[in-house]
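K.L.:
Provide a 3D model corresponding to the input given below.
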Amino acid sequence: MFFTFEDVVRFSRIFRGRPCSVSDELRGWRWNEYPLVPPYSVRINVSDLAGGFCSTYRHIYVRYVLRVREKPNFRLELGSFIHRVYHLASCKVKYIMYSGILSGDSFKDSFKSFSDKCFDESYSGFTTLKPSFARRVFDLIWSYASNVYSAALDRVRSISPYISLDGLVNHVIPMTTEFPVDGSLIGLNRAIRIDAMLTPCIVVELKTRGFRPDYEVGLAGYALALESQYEIPIDYAVIVEVRFDKRLKDLKIYERYVQISDELRERFIEKRDQAMRMVVEEVDPGIPDRCSDDCPFLGVCSSG
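P.N.:
Here you go, the predicted model:
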């Protein structure tokens, strides 16, 4: 979740033990050729394809054809809140170090001093998430980040005492959260935001609702978008699941390592083309056998 240079090395070793061969015609830089070239001009969100809400993907039809607005629910707001905290924590870690605070103990004190302000910023706008519950979640994440990066800061400085400030920061926290990428060449929105990009080119997706197969489809979309824009291969990604115990006393982090293989890329293309056709031709895919309680359109087309 809050990654350090040691995590980069750990992931690289894991990936090296899982070779991933990708056909050139399924690379994002072949965006203007079959099968990657989009069949329609409409643009789709990665979350439309990778939300894991609906087995028939009717949420896409409801959003784009019926033009119904999402209704917030607790699980989705909690996920959004955690993503906000994750982004803010990562930004503050870098800000503190760039401000010249370069010891673990001083870092912890400074990081803690930002907690109230950052909680208020993270919590703003939510309607179903109680403030007391949100604060306990926030404190767990904030404390976790503080412990990880204060230790990493001292460790990097002890190994490389003469490292430059910029080099130090990038060794302590070698990732960019809310990484922007333009997905328009492969039929996705221009303003894609990847949860985190870990040095050198590892896509990280943060999840809070348990694993769903559609999540991997979304990772293929991110990889193809990155390849289309930067023309570098993206072969691996990491899904990070965040779980809290029932009493909100502890959090656990689970990682799933994903190969962005030919099969996964083909699944993305199939789902993308299906979604585009649904929107352009106004094709109602029908109501699923069972609706997810997490679906933001549950009141619109619930099958009961």
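
K.L.:
do a quick rundown of the helices in this protein.
P.N.:
Counting by DSSP state H, the chain has these helices, from start to end: 5-16, 46-50, 58-64, 74-98, 104-113, 115-123, 131-159, 165-172, 214-230, 262-280, 298-301.

K.L.:
so which of the ones you listed gets nearest P38?
P.N.:
helix 262-280 (6.7 Å; C-beta to C-beta). (Glycine included, C-beta is placed from N, CA and C.)

K.L.:
packing partners of the closest one?
P.N.:
helix 46-50, helix 58-64, helix 214-230 (3 or more C-beta pairs under 8 Å, 6 or more residues apart in numbering; DSSP states H and E).

K.L.:
give me the mean pLDDT for the second one.
P.N.:
When you say that, I think you mean helix 58-64. The average pLDDT within helix 58-64 is 94.

K.L.:
what residues does A89 make contact with?
P.N.:
By C-beta atoms under 8 Å, 6 or more residues apart in numbering, the contact set of A89 is 2, 118, 141-142, 145.

K.L.:
go through the helices of the chain and name the closest to P35.
P.N.:
helix 262-280 (5.4 Å).

K.L.:
can you count the residues close to E241?
P.N.:
Using other C-beta atoms under 10 Å, E241 is surrounded by 18 other residues.

K.L.:
repeat that for A151.
P.N.:
Neighbours of A151 using other C-beta under 10 Å come to 15.

K.L.:
what distance do you get for the nearest residue to it once chain neighbours are set aside to R58?
P.N.:
Take A151 and drop its neighbours on the chain: the residue closest to it by C-beta to C-beta, 6 or more residues apart in numbering is G104, 6.3 Å away. According to C-beta to C-beta, to the nearest Å, G104 stands 51 Å off from R58.

K.L.:
in this structure T127 contacts F74, no?
P.N.:
No. Contact criterion C-beta atoms under 8 Å: T127 and F74 do not qualify, at 9.8 Å.

K.L.:
so these two - more neighbours on which side?
P.N.:
F74 (15 against 9).

K.L.:
which residue, neighbours along the chain excluded, lies closest to the more buried one?
P.N.:
T128 (4.7 Å).

K.L.:
pLDDT below threshold where in the protein?
P.N.:
302-304 (pLDDT under 70).

K.L.:
mind running it again at 80?
P.N.:
52, 301-304 (pLDDT under 80).

K.L.:
quick one: residues contacting the residue nearest to A151.
P.N.:
150-151, 153-154.

K.L.:
please apply the same query to A134.
P.N.:
A134 touches 81, 119, 122-123, 126, counting by C-beta under 8 Å, 6+ apart.

K.L.:
how far does stretch 130-149 sit from its chain's centre?
P.N.:
18 Å (C-alpha atoms, centre = their mean, to the nearest Å).

K.L.:
what comes up buried for that stretch?
P.N.:
134-135, 137-138, 140-142, 144-146, 148-149 (16 or more other C-beta atoms under 10 Å).

K.L.:
okay if I get the residues you listed as JSON lines plus distance to F53?
P.N.:
As requested, those are exported to JSON lines (distance: C-beta to C-beta, whole Å):
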{"residue": "A134", "distance to F53": "23"}
{"residue": "R135", "distance to F53": "28"}
{"residue": "V137", "distance to F53": "22"}
{"residue": "F138", "distance to F53": "26"}
{"residue": "L140", "distance to F53": "26"}
{"residue": "I141", "distance to F53": "25"}
{"residue": "W142", "distance to F53": "29"}
{"residue": "Y144", "distance to F53": "28"}
{"residue": "A145", "distance to F53": "29"}
{"residue": "S146", "distance to F53": "34"}
{"residue": "V148", "distance to F53": "32"}
{"residue": "Y149", "distance to F53": "34"}
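
K.L.:
from the residues you listed, which single one is nearest C91?
P.N.:
A145 (10.8 Å).

K.L.:
picking that back up, give me the buried entries from the contacts of G104.
P.N.:
Buried among the contacts of G104 (16+ other C-beta under 10 Å): 150, 153-154.
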